[in-house]
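[1] Got a sequence here, can you build the structure:
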Amino acid sequence: MKRRIIEVLVLIIVFLAGMFFFHFWQSTKVSSHSKTERKVLYWVAPMDSNYRRDKPGKSPMGMDLVPVYEDKNTQDKDTIQISSSVVNNLGVKTAKVSKQNLSRIVKTVGYVTVDENNIEHIHTFADGWIKEQFVKATGEQVKQGQLLMTLYSPTLNNAQEELIIALKNNNRALIEAGKKKLITLGMAESQIKQLITSRKLMEQVKIFASQSGIVSKINVREGQFVKPDTELLSIEDLSKIWIIAEVFEYQSDWIKQNQAAIATLPYLPGKTWQGVVDYIYPRLDAKTHTLRVRLVFPNPDFTLKPNMYTNVKIISNPIENTLVIPKLSLIRTGDNDRVIVSLGKGRFRAQPVAIGIESGNFYQVLSGLKGDEEVVTSAQFLIDSESNMKAAINRIDDKKNIKSKDPKSIKTEHIGMGSIKAIDIENHQITIFHQPISSLDMGEMVMTIPVAKDVSLTSAKVGDSIHFIMIKNEKGFVITKLHIMHNMSHGKDKK
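    Model prediction:
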């Protein structure tokens, strides 16, 4: 009897143990399976991230919606997960954050003018008459020492006779006094030496060019009576010229004396002139609020001519080994600047950054990045929109107030792309030609749209390609975010 009871107890224990291990195995399997599954946040159109649904389906363009996952392996609420198919469809590209030497470059235009230090005005130092004139037209090129004209002057002739008499009398004091008098009256030393040697009166005194250059003015003709205050002609030396450039008010503090400058002409590609900042004018123009800057350039072949327009770059002293990101990666809004950091495997995070100087295709990074990240350089505007949507969802979930939200207070964001046709700074609005906006069932067109006050238009220019987000309020559409796509074109455009 006891043996049978023991056998029954053993069977019960074995059964219970089997049930326990079976339940444990099932739990482990379910747990393992649940770990491999990722939660789908929503389904999105491949070409329009604003078109979202809570289940699979078709986009307005007839494409299959693709899932956007929540990555359960991370607790970072600012990180989003995007499927590989969406990444491929968006053409996401990344670039490594790097360190390099960076110089701020101010690009502007200027006009060529004569170096005022190289203008020579020719005068006589005694009354007289112009007897012969050898340069008779403005624009002629002359060389230093070239004969320009001859002058008949009784005053000069009397001074010559005094020197000749002193020479004949061998009176050294009078000889020196006579030489000094002739120099004072403007007679060249070479002519004085000739007079001392020949001891013959020169009835006509020669007037020579004191420098090489271009004759810019001729104010006398043969036979004309002249006085010392009569300007005979002017000679401008163009082997060194000035370029007067204008920079914006906000750039004025970037310009320093002796900074390097480069000048180019649009119709001479590949040819450059190297110069320096010579002078910074002390006042801004009252109408344009621009600052004039004087640049000095050598011009040995006289290619640069007065009144020509040139393109100018003024280059600051380099900041060495500083952190930089490509221009294309930066998203500028009225609130802050940020980039989209690629974390790998379809994971992205919006990262606020503080930006320093701009140079060429790069921005200096003052804070926000360490230097070992990869940032998105194309399609980052759409990824940023996804990140903002997730952040908004997280804020709502954290406050547990979804039901308390007034549906009328939630504005639908519409994403578009296009190009700027006009900018109205005074009314803070822009005219754009945009491509079709599927969320509004709106075709391509030209629209003038107000821009939110916190969105800066400082860096926007006519012709820029842009991505933008707009909402519709009681007054109509308003752009709430604006991103300039540097060096990119969206194809179609309208005049």
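[2] Please tell me I have it right and residue 86 contacts residue 44.
    Yes: Residue 86 lies in contact with residue 44 (CB atoms under 8 Å); the separation is 6.9 Å. All C-beta atoms are positioned from the backbone trio N, CA, C, and that covers glycine.
[3] What ranges does this protein have for its helices?
    Ranges of helices in the chain, per DSSP state H, are 2-36, 84-90, 154-169, 172-184, 189-198, 380-399.
[4] tell me the mean pLDDT over the fourth one?
    Mean pLDDT, taken over the full extent of helix 172-184, equals 89.
[5] where does the protein dip in pLDDT?
    1-38, 46-50, 61-62, 70-78, 334, 379-411, 486-495 (pLDDT under 70).
[6] domain parsing for it?
    Partitioning the chain according to automatic domain parsing yields domains covering residues 1-36, 105-115+238-317, 124-231, 411-485.
[7] returning to that earlier point: which residues do residue 86 and residue 44 both contact?
    Shared contacts of residue 86 and residue 44 (CB atoms under 8 Å, 6 or more residues apart in numbering): 66, 68.
[8] Can you report how many residues lie near the nearest residue to residue 369 once chain neighbours are set aside?
    Once flanking residues are discounted, residue 369 sits nearest to residue 97: 5.4 Å by CB to CB, 6 or more residues apart in numbering. Here the number of neighbours of residue 97 (other CB atoms under 10 Å) works out to 20.
[9] cool, and residue 98?
    By the measure other CB under 10 Å, the count of residues near residue 98 is 12.
[10] what's the spacing between it and residue 185?
    For residue 98, the distance to residue 185 equals 70 Å [CB to CB, to the nearest Å].
[11] With residue 193 instead?
    Per CB to CB, residue 193 is found 16 Å from residue 185.
[12] go on, residue 264?
    In terms of CB to CB, residue 264 sits 49 Å off from residue 185.
[13] Between those two, tell me which one has more neighbours.
    residue 185 (19 against 15).
[14] wouldn't that one be in contact with residue 156 here?
    Yes: under the criterion of CB under 8 Å, residue 185 makes contact with residue 156 at 5.5 Å.
[15] any shared contact partners between these two?
    Residues touching both residue 185 and residue 156 by CB under 8 Å, 6+ apart: residue 126.
[16] Quick check: chain neighbours aside, which residue is closest to residue 186?
    Closest to residue 186 by CB to CB, 6+ apart is residue 125, at 3.5 Å.
[17] What residues sit buried inside stretch 280-293?
    Using 16 or more other CB atoms under 10 Å as the test for burial, stretch 280-293 gives 284, 290-293.
[18] List the contacts of the residue nearest to residue 186.
    Residue 125 sits next to 184-186, 228 when contact means CB under 8 Å, 6+ apart.
[19] got it, and residue 156?
    So residue 156 contacts 126, 128, 182, 185-187, 205 (CB under 8 Å, 6+ apart).
[20] how about a markdown table for these, with distance to residue 432 added?
    Shown next, in a markdown table, are the contacts of residue 156 (distance: CB to CB, whole Å):
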| residue | distance to residue 432 |
| --- | --- |
| 126 | 72 |
| 128 | 72 |
| 182 | 76 |
| 185 | 73 |
| 186 | 69 |
| 187 | 73 |
| 205 | 73 |
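[21] so which pair among these is furthest apart in space?
    128 and 182 (13.8 Å; CB to CB).
[22] Would you enumerate the residues in contact with residue 242?
    Here residue 242 is in contact with 112-116, 278, 294-297 (CB under 8 Å, 6+ apart).
[23] do you know how far the closest residue in space to residue 204 that isn't next to it in sequence is from residue 186?
    Excluding the flanking residues, the one nearest residue 204 by CB to CB, 6+ apart is residue 150, at 4.1 Å. As for residue 150, its distance to residue 186 is 13 Å (criterion: CB to CB).
[24] Also residue 417?
    With CB to CB as the criterion, residue 417 and residue 186 are 73 Å apart.
[25] do residue 308 as well
    In terms of CB to CB, residue 308 sits 36 Å off from residue 186.
[26] Same question for residue 294.
    From residue 294 to residue 186 the distance is 33 Å (CB to CB).
[27] hang on, residue 477 packs against residue 471?
    Yes: using CB under 8 Å, residue 477 is in contact with residue 471, at 7.3 Å.
[28] who's residue 449 bridged to?
    Beta bridges link residue 449 to residue 430 when assigned by DSSP bridges.
[29] in terms of contact, does it touch residue 473 like I think?
    No: applying CB under 8 Å as the test, residue 449 and residue 473 come out as separate, 12.0 Å apart.
[30] Can you pick out the residue with more neighbours from the two?
    Taking other CB under 10 Å, residue 449 and residue 473 do not tie; residue 449 has more neighbours (16 against 9).
[31] if I pick the more buried one, what's in contact with it?
    Contacts of residue 449 (CB under 8 Å, 6+ apart): 429-432, 470, 477-479.
[32] Out of those, the closest to residue 170 would be?
    Checking those one by one against residue 170 (CB to CB), the nearest turns out to be residue 430, at 90.2 Å.
[33] State the number of residues packed around the closest residue to residue 361 other than its chain neighbours.
    Nearest non-adjacent residue to residue 361, counting by CB to CB, 6+ apart: residue 327, 5.1 Å away. Using other CB under 10 Å, residue 327 has 17 other residues around it.
[34] Same question for the one 3 residues further on.
    Other residues lying near residue 330 total 23 when counted by other CB under 10 Å.
[35] mind checking how far it is from residue 362?
    From residue 330 to residue 362 the distance is 10 Å (CB to CB).
[36] repeat for residue 425
    Between residue 425 and residue 362 the computed distance is 27 Å (CB to CB).
[37] for residue 135, phi and psi?
    Residue 135 adopts backbone torsions of phi -120, psi 110, taken as degrees, to the nearest 10.
[38] contacting residues around it?
    Here residue 135 is in contact with 142, 146, 148-149, 215, 218, 233 (CB under 8 Å, 6+ apart).
[39] change it to 7 Å
    Residue 135 makes contact with 142, 148, 215 under the criterion CB atoms under 7 Å, 6 or more residues apart in numbering.
[40] try residue 97
    For residue 97, the contact set (CB under 7 Å, 6+ apart) comprises 323, 325, 369, 371, 373, 375.
[41] if we go to 10 Å?
    Listed by CB atoms under 10 Å, 6 or more residues apart in numbering, the contact set of residue 97 reads 323-326, 329, 339, 341, 353, 365, 369-375.
[42] Of those - the most surrounded one?
    Result: residue 339 is most packed of the contacts of residue 97 (other CB under 10 Å), 28 neighbours.
[43] unless I'm mixing things up, that residue is touching residue 368, no?
    Yes: proximity of residue 339 to residue 368 meets the contact threshold set by CB atoms under 10 Å, at 7.8 Å.
[44] Find residues that contact each of those two.
    With CB under 10 Å, 6+ apart as the test, residue 339 and residue 368 both reach 325, 351-353, 355.
[45] Generate a markdown table for those, with distance to residue 259 as supplementary columns.
    Supplementary listing: the shared contacts of residue 339 and residue 368 in a markdown table, determined by distance: CB to CB, whole Å:
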| residue | distance to residue 259 |
| --- | --- |
| 325 | 25 |
| 351 | 33 |
| 352 | 32 |
| 353 | 27 |
| 355 | 22 |
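[46] which of the residues you listed lies closest to residue 239?
    For these, the nearest to residue 239 is residue 355 (42.4 Å; CB to CB).
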